[in-house]
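S.K.: pasting the structure only:
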């Protein structure tokens, strides 16, 4: 009993000099909240317990922040851990890949489509309906209360992406994208993949392992629109940590990304010139829902962009032949069976069990 009497009962860890019960003078500080033990931290079970109609969006805010903070305190090698938070981050990046490679997936006859939820029109429809008026008013209240962190005031539309009539994910004003519920990795059955990376499966894939085209887009987006680094702070913190890892595992790719962030020389027709909005727009096409001029927005007046359509060209792969004589697309790759080094390969990472045929039937 005496041991229990000497036990300080509190949510967070750390020193407490109070000898008796004392009322708090304010809310929990950011450091105290960070020190609260999270029972989901080591679990892979899908997290669903945030009481908000926008629970999915909030979950991804917390996931990016949690993964970035733990990488800062425990080492960047934690980006590849298999926890519920790492899975959420990976799923969001998978949605980003589908958005970014939308034209490529359409060429492979994937049944992808967008549903646009217009905030102003949909709230008005709900509030004008006697059966749904209370729900519309409640939804509007949540949207206005979440402006500080989630910034719903900065978006007019939320774009929901479906594959074979199954919700895959959508756009988020705080993390760019969020993924749909993925308990049991059910979304992996849609067979969406990039290279040898199967999206939404049980193997979380961090940003630094993704294609250089996607990374150039994301870091370019946050360079051309610097305000995004504050508006989407959890995502930018994660991107910064990922960049630290990229510096170690792929130094040449890191140098190319850092050149974008520093507004230094750029590739393509802008090679040797500072990176700017013109170079960014030139490399990536405007993302639309499939309708003419129906742009997919990041925030108001900021459009998402995507990989330009056409055959995939893996000229930046580690296996690519850097030839001054062969300038055609796609770029040829040199592959070897039983190769064990984890180099970049077709938008993913090479795995030793990939079978290389002796000839290509195509």
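M.R.: Sure, I can see it. Since the model is a prediction, treat every value here as computed from it, not as a measurement.
S.K.: number of nearby residues for the closest residue to residue 337 other than its chain neighbours?
M.R.: Counting by CB to CB, 6 or more residues apart in numbering, the nearest residue to residue 337 once its immediate chain neighbours are dropped is residue 356, at 4.8 Å. For the C-beta atoms, the positions are set from N, CA and C on the backbone; glycine is no exception. Using other CB atoms under 10 Å, the number of residues around residue 356 comes to 12.
S.K.: helices of the stretch 101-250 of the chain, residue ranges please.
M.R.: For the stretch 101-250 of the chain, the helices defined by DSSP state H, counting those that start in this stretch occupy 102-107, 119-127, 133-145, 212-224, 228-231, 233-249.
S.K.: show me where the stretch 251-362 of the chain has its strands.
M.R.: Secondary structure of the stretch 251-362 of the chain, counting by DSSP state E, counting those that start in this stretch: strands at 285-286, 297-299, 302-303, 305-306, 344-345, 348-349.
S.K.: how distant is the second one from the center of its chain?
M.R.: Shown here is strand 297-299, whose average C-alpha point lies 15 Å from the average C-alpha point of the whole chain (CA atoms, centre = their mean, to the nearest Å).
S.K.: do the fourth one as well
M.R.: Going by CA atoms, centre = their mean, the spacing between the C-alpha centre of strand 305-306 and its chain's C-alpha centre is 14 Å.
S.K.: determine the set of other helices and strands touching it.
M.R.: Judged by 3 or more CB pairs under 8 Å, 6 or more residues apart in numbering; DSSP states H and E, strand 305-306 is in contact with helix 212-224, strand 285-286.
S.K.: need the winner for burial among the ones you listed.
M.R.: helix 212-224 (a mean of 21; mean count of other CB atoms under 10 Å).
S.K.: now the angle between helix 233-249 and that helix, please.
M.R.: 130 degrees (axes from the mean of the first three to the mean of the last three CA atoms, to 10 degrees).
S.K.: for helix 212-224, packing partners?
M.R.: Using 3+ CB pairs under 8 Å, 6+ apart, helix 212-224 sits against helix 84-100, helix 228-231, helix 233-249, helix 251-261, helix 277-283, strand 305-306.
S.K.: which outside residues touch it?
M.R.: 96-97, 100, 176, 207-208, 228-229, 232, 236, 239, 243, 246, 253, 256-257, 260-261, 263, 275-277, 280, 283-284, 298, 305-307, 316, 344, 347 (CB atoms under 8 Å, 6 or more residues apart in numbering).
S.K.: just put the helices of the stretch 101-250 of the chain in CSV and tack on mean pLDDT.
M.R.: Written out in CSV, the entries for the helices of the stretch 101-250 of the chain read as follows (pLDDT from 0 to 100):
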stretch, mean pLDDT
helix 102-107, 78
helix 119-127, 96
helix 133-145, 91
helix 212-224, 94
helix 228-231, 96
helix 233-249, 96
